[in-house]
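Peer 1: The following comprises the amino acid sequence and a computationally predicted model.
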Amino acid sequence: MSDELLKQHRDAIDAIDAQVLDLLNQRASHAREIGEIKGGGVIYRPEREAEVLRRIQSINRGPLPDESVARLFREIMSECLALEKPLSIAYLGPEGTFSQLAATKHFGHAARTVACSSIDEAFRLVEARTHDYVVAPVENSTEGAVGRTLDLMVTTPLKICGEVVLRIHHHLLRKVPGMDGIRRVYSHAQSLAQCHEWLNRQLPDGVERVSVASNAEAARLASLDETACAIAGQAAAERFALVKLAENIEDEPNNTTRFLVLGYQDVAPTGKDRTSVIVSAPNRPGAVHELVEPIARYGVSMTKFESRPSKAGLWDYVFFIDMEGHVKDAPLADALAALRSRASYVKLLGAYPQAVI
Ligand SMILES: C=C(O[C@@H]1C=C(C(=O)O)C=C[C@H]1O)C(=O)O
């Protein structure tokens, strides 16, 4: 490699960096001006952020991949927004949980993430306006619904204003190397279930499986006890300086969790949205079929249908339905109007941009 050639490229990079820096600060100045125009109103605009990310991907000519440029612009917007007003995001802690990763993936590193001791507490702190948004897991591709989040959605006054999709990798972590002398494995019940087959095959007989409040809590407990190990992700491994005994031990290679972002805010349509509702049907034959019939009739794509006990009466259910489209746009608006006329109860949980990254 010629030293002269190397120097030429590095000089070019230095000059470009100076321009990039200048342009970033120009962008930030506009964001700050926009903050003034908003005049203390809602600062975070998910519809605009989704539009920025989708546009960047559509005009990207490489060699950086679309996903990389979207990640970079995610951080740029995060820093610009923080000049208008720093956001605080409540999540199920402690630090190092997948919920925290999801919060940072969605809001970028300039947002402050606040660990809460339960999903309930995270909702309550945002409902009380102590924090701006809550990020809560709602479903996992292997294990299905997160019941507690769904139950909180029934009563919360908060609206869904975004979604985050996160690939979940689990590792077996321990304070010391080697499998000898392990007596128990800590993890969240969902993660124990997601790694069930691997644990059956690989763990020595008699190792107790102990479910705890979060994976980060599992990692913390394992950091205090050499006879224990934990199933948790990379962030928790780093935070508690644990040794990785085995990597990516999830049974399902595409293991993915979907999180919802909730706050006091309605979101305008972007052209690629999702709408979530809770409905209940009168308890008679064919009622559920009648309820969803308009969704099919108007050609709306239903991306989720989940039932939960309503807690109002025995064998009484509410249904969580996600549909592609925005409640303000046809054909979803028409389908929802028809659905309202048939359901005994409908709650609009929110209409929000589909996850971009
Ligand atoms: C600058 C704005 O405020 C925030 C920052 C954005 C950005 O940096 O592009 C986009 C949307 C908002 O979350 C805006 O509303 O346009």
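Peer 2: Sure thing, it's come through.
Peer 1: wait, does the helix or strand containing Arg32 make contact with the ligand?
Peer 2: Using DSSP states H and E, Arg32 falls within helix 3-38. Yes: Helix 3-38 reaches the ligand (CB under 6 Å from any ligand atom) through 31, 34. In short, each C-beta sits where N, CA and C put it, glycine included.
Peer 1: Please verify my assumption that Thr149 contacts Asn140.
Peer 2: No: contact criterion CB atoms under 8 Å: Thr149 and Asn140 do not qualify, at 11.2 Å.
Peer 1: list the helices and strands the helix holding Arg32 packs on?
Peer 2: helix 66-84 (3 or more CB pairs under 8 Å, 6 or more residues apart in numbering; DSSP states H and E).
Peer 1: Which positions in the helix it packs on come out as buried?
Peer 2: Across helix 66-84, burial judged by 16 or more other CB atoms under 10 Å covers 66, 69-71, 73-74, 76-78, 80-82, 84.
Peer 1: Likewise for stretch 130-149?
Peer 2: Residues 131-143, 145-146, 148-149 are the ones in stretch 130-149 that count as buried (16+ other CB under 10 Å).
Peer 1: and Glu306, helix, strand or coil?
Peer 2: For Glu306, the assignment made with DSSP: H, G, I helix; E, B strand; the rest coil gives strand.
Peer 1: show me what contacts it?
Peer 2: Contacts for Glu306 (CB atoms under 8 Å, 6 or more residues apart in numbering) come out as 139, 145, 150, 319-321.
Peer 1: Adding secondary structure and pLDDT, write those residues out as TSV.
Peer 2: Formatted as TSV, the contacts of Glu306 follow (DSSP: H, G, I helix; E, B strand; the rest coil; pLDDT from 0 to 100):
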residue	secondary structure	pLDDT
Glu139	strand	94
Ala145	strand	92
Leu150	helix	96
Phe319	strand	94
Phe320	strand	96
Ile321	strand	97
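Peer 1: Closest to the ligand out of those?
Peer 2: Distance to the ligand across the contacts of Glu306 (CB to the nearest ligand atom) is lowest for Glu139, with 25.7 Å.
Peer 1: Spatially nearest residue to Ser118 (excluding sequence neighbours)?
Peer 2: Leu92 (6.7 Å; CB to CB, 6 or more residues apart in numbering).
Peer 1: Surely that neighbour and Ala216 touch.
Peer 2: No: Leu92 is beyond contact range of Ala216, at 9.2 Å (criterion: CB under 8 Å).
Peer 1: how much space between the closest residue to Thr256 other than its chain neighbours and the ligand?
Peer 2: Spatial nearest neighbour of Thr256, chain neighbours left out: Ser141 (4.5 Å); criterion: CB to CB, 6+ apart. As defined by CB to the nearest ligand atom, to the nearest Å, Ser141 lies at a distance of 29 Å from the ligand.
Peer 1: just Gly144 next, same as before
Peer 2: Relative to the ligand, Gly144 is positioned 32 Å away (CB to the nearest ligand atom).
Peer 1: likewise Asp273?
Peer 2: According to CB to the nearest ligand atom, Asp273 and the ligand sit 16 Å apart.
Peer 1: Spit out the contact partners of that residue.
Peer 2: Contacts for Asp273 (CB under 8 Å, 6+ apart) come out as 267, 324-326, 329, 351-354.
Peer 1: change it to 7 Å
Peer 2: Going by CB atoms under 7 Å, 6 or more residues apart in numbering, Asp273 touches 325-326, 351-354.
Peer 1: Please give me every residue in contact with the nearest residue to it once chain neighbours are set aside.
Peer 2: In space, and not counting its chain neighbours, Asp273 is closest to His326: 4.1 Å by CB to CB, 6+ apart. For His326, the contacting residues are 269, 273, 275, 332, 351, by CB under 7 Å, 6+ apart.
Peer 1: Tell me the pLDDT of His326.
Peer 2: We have a pLDDT of 98 for His326.
Peer 1: Which secondary structure state is assigned to it?
Peer 2: Assigned state for His326: coil (three-state reduction, three-state DSSP).
Peer 1: Let me know whether Met169 touches Asn248 as I believe.
Peer 2: Check again: residue 169 is His, not Met. Yes: counting by CB atoms under 7 Å, His169 does reach Asn248; the two are 5.1 Å apart.
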